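# Kindly generate the corresponding structure for this input.
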Amino acid sequence: MNPLTTRRRLPLWAHLFVLSPLVVAMVGCASGPDYVRPESLSVTKFVTVAPSASTPASPVIHGGSQEFVNAAVPGEWWKELQSDKLNHLIAQALVASPSLAAAQATLRQARHNYAASSGSTELPQVNAKLGAQRLGANNAAAGLPDGERTYDLYNATVAVSYDLDLAGGNRRALEALTAQADYQSYQLEGSRLTLAANLVLTAITQAQLAAQIDATNILLQGQAEQIAITRKRIELGAGTQLEVLALQAQMEQTQAGLHGIHNKKAQTRHLLALLAGLAPGETGLPEFEFADFALPGTLPVSVPSEWVRRRPDVRASEALLQTASAQYGVAVAKLYPQLTLTANLGSQALTTASLFGAGSLIWSLGGQLVQPLFNPGLRANSKALEAGLDAAKANYQQAVLQSLRNVADVLRTIESDALVQQSLESANASAAKALKLVERQYALGSASYLQLLLSQQQAQQAHINTLEVRARRLSNTVTLYQAMGGGALVPS
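Presented below is the predicted three-dimensional model:
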């Protein structure tokens, strides 16, 4: 017997048996580097010099001391401000916001993409096929009788194919899709955190503007009274028309500033509507004042090793790093052999009645092993994705450093603004006392209108400064909650 003939007659399963050691060796392996989470932060604090255990206090509204504690941010952290109006508005926004709806849809899309790829790569593909053909043959051309003949041919087939994924390229692709779904999940979490923070900050700004409007109206009232006093002094021969004109000019400037504040307040309302998923012209939005908020007495500050796993933006950056690692693995897998098995079972007959008869059975079994031999593009593609992996590592490190800076800035600002508030509140009290004294002196004629105007301007600016710093202390608290990652849970 010819040994060469014997080899040719080996059945297909025997050839696959010869390849089985290679299959066993490669199946279960995945090309490219296995993803390893970045090492925990080596830093133990956010700033060089740790802030004081608590901030200084001022004897005014929103001037209390705040204590730094090692704790996680509450899930619904905005409730720490103790504003029912704010709680209701945020609850409405989390349901109605189009930006959140878009982020949720994008997350669903990423999960469906994973399910689609998983279904087409992890399991065999089975397809059923029915076909019918009208055929013609000329028997005379082959020297056969009957001449030209036409007939129908029907077939029904079930085809099965399966990619053994020897080099693990499909597994790496699924890993990349999983990481992309994680990225969209963190993006959604970050969108919720940003939406809530923007709502609170806008509400605080609206409260600040409302307080400025009240203060400006009081100032306008005082300026109108001074004009009336000056006119009486003119009647008594102790004043001049020049004083009245100067006071009127000052009052008009104050009135012009008031119009600008009203405009800004209207714009904050429009922004609140947008964030809540409403049109600017809709009714039902709350109007916020300083009295609607309480300054939280404790500020949660996690240690960096826990904090870095709560920040949605840092976690999203890590998900992109894992995606880049998996995509590099996919590119490496393309350099190795690809084995695909196929099987077909069906029937073929000249009539539909005999299509499923015993004598019409047809079948096939096949295997295809492909090894790239010369394809410079594959190697270049793997190098490009390896460079992308290096870029993702650097971007993750940059995201961590930027986030650390964000927290450090907030911590320093909280401590600094508490000290600033002490000085500004003291200056405001002194300016208010000075204004009352000058007003009495002016009414008695012992102070000039120039002294009065100067005292009014100083008192107004001192009061506005206190309103700004009170708003900043509330805003700083919100910014810290956001910088700490909100109420995100640490993943297991």
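# Val158: what secondary structure?
strand (DSSP: H, G, I helix; E, B strand; the rest coil).
# avg pLDDT for the longest helix along the chain?
Counting residues, the longest helix found in the chain (DSSP state H) is helix 376-444. Averaged over helix 376-444, pLDDT sits at 91.
# tell me what it is packed against?
If you count contacts as 3 or more CB pairs under 8 Å, 6 or more residues apart in numbering; DSSP states H and E, helix 376-444 packs onto helix 169-235, helix 312-333, helix 449-483. For every residue, glycine as well, the C-beta is placed using N, CA and C.
# what's the closest of the ones you listed to Gln267?
Minimum separation from Gln267 across those (CB to CB) falls at helix 169-235, 9.3 Å.
# From the contact counts, what lies against that closest one?
By 3+ CB pairs under 8 Å, 6+ apart, helix 169-235 packs against helix 84-96, helix 98-121, helix 241-275, helix 312-333, helix 376-444, helix 449-483.
# okay, now Ser99: neighbour count?
15 (other CB atoms under 10 Å).
# Can you tell me the closest non-neighbouring residue to it?
Setting aside the residues directly before and after it, Ser99 is nearest to Ser191 in space (CB to CB, 6 or more residues apart in numbering), at 6.0 Å.
# I'd say the one you found and Leu94 touch.
No: checked against CB atoms under 8 Å, the pair Ser191 and Leu94 is beyond contact range at 10.1 Å.
# which one of these two has more residues nearby?
Neighbours per residue, other CB under 10 Å: of Ser191 and Leu94, the larger number sits with Ser191, 18 against 15.
# show me the contacts for the more buried one.
Ser99, Leu100, Ala103 (CB atoms under 8 Å, 6 or more residues apart in numbering).
# Check the gap between the closest residue in space to Leu41 that isn't next to it in sequence and Val43 for me.
Spatial nearest neighbour of Leu41, excluding adjacent residues (CB to CB, 6+ apart): Pro304 at 4.5 Å. Here the criterion is CB to CB, to the nearest Å. By it, Pro304 lies 5 Å from Val43.
# With Ser416 instead?
Distance from Ser416 to Val43, by CB to CB: 22 Å.
# Tell me how many other residues surround Pro74.
14.
# Pick out whichever of Pro304 and Val43 has more residues nearby.
More neighbours surround Pro304 than the other of Pro304 and Val43, with 19 against 12 (other CB under 10 Å).
# got any ranges where the stretch 251-400 of the chain has weak pLDDT?
Applying pLDDT under 70 to the stretch 251-400 of the chain flags the ranges 358-359.
# can you do 90?
251, 254, 281-284, 302-310, 333-340, 344-378 (pLDDT under 90).
# from what I can see Thr351 touches Asp152, true?
Yes: counting by CB under 8 Å, Asp152 is a contact partner of Thr351 at 7.2 Å.
# Now Glu67. Its backbone dihedrals?
When read as degrees, to the nearest 10, the backbone of Glu67 gives phi -100, psi 130.
# give the contact list for it.
Glu67 touches Ala53, Ser54, Thr55, Gly297, Thr298, Leu299, counting by CB under 8 Å, 6+ apart.
# And the furthest pair within those residues?
Farthest pair in those, by CB to CB: Ala53 and Gly297, 12.6 Å.
# Those two: which has the busier surroundings?
Gly297 (12 against 9).
# I figured the more buried one hits Gly63, correct?
No: counting by CB under 8 Å, Gly297 does not reach Gly63; the two are 11.9 Å apart.
# Tabulate the contacts of Glu67 (a markdown table), appending secondary structure and distance to Gly388.
What follows is the contacts of Glu67, written out as a markdown table (DSSP: H, G, I helix; E, B strand; the rest coil; distance: CB to CB, whole Å):
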| residue | secondary structure | distance to Gly388 |
| --- | --- | --- |
| Ala53 | coil | 45 |
| Ser54 | strand | 47 |
| Thr55 | coil | 45 |
| Gly297 | coil | 47 |
| Thr298 | strand | 43 |
| Leu299 | strand | 39 |
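# Just the closest of the residues you listed to Val158, please.
Distances from Val158 to those, taken by CB to CB, are shortest for Leu299, at 66.1 Å.
# Just give me the neighbour total for the closest one.
Neighbours of Leu299 (other CB under 10 Å): 23.
# Same question for Leu201.
19.
# Can you check the pLDDT for Ala140?
pLDDT, Ala140: 65.
# next one: Tyr481
For Tyr481, the predicted pLDDT is 95.
# and it, what is it in contact with?
Under the criterion of CB under 8 Å, 6+ apart, the neighbours of Tyr481 are Val73, Trp77, Trp78, Glu80, Ala197, Pro300.
# can you name the two of these that are farthest apart?
Farthest apart among those - using CB to CB - are Ala197 and Pro300, which lie 15.0 Å from each other.
# just to revisit the earlier point, could you dump the contacts of Tyr481 into JSON lines and include distance to Arg134 and secondary structure?
Output for those, formatted as JSON lines (distance: CB to CB, whole Å; DSSP: H, G, I helix; E, B strand; the rest coil):
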{"residue": "Val73", "distance to Arg134": "73", "secondary structure": "coil"}
{"residue": "Trp77", "distance to Arg134": "73", "secondary structure": "helix"}
{"residue": "Trp78", "distance to Arg134": "73", "secondary structure": "helix"}
{"residue": "Glu80", "distance to Arg134": "78", "secondary structure": "helix"}
{"residue": "Ala197", "distance to Arg134": "70", "secondary structure": "helix"}
{"residue": "Pro300", "distance to Arg134": "78", "secondary structure": "strand"}
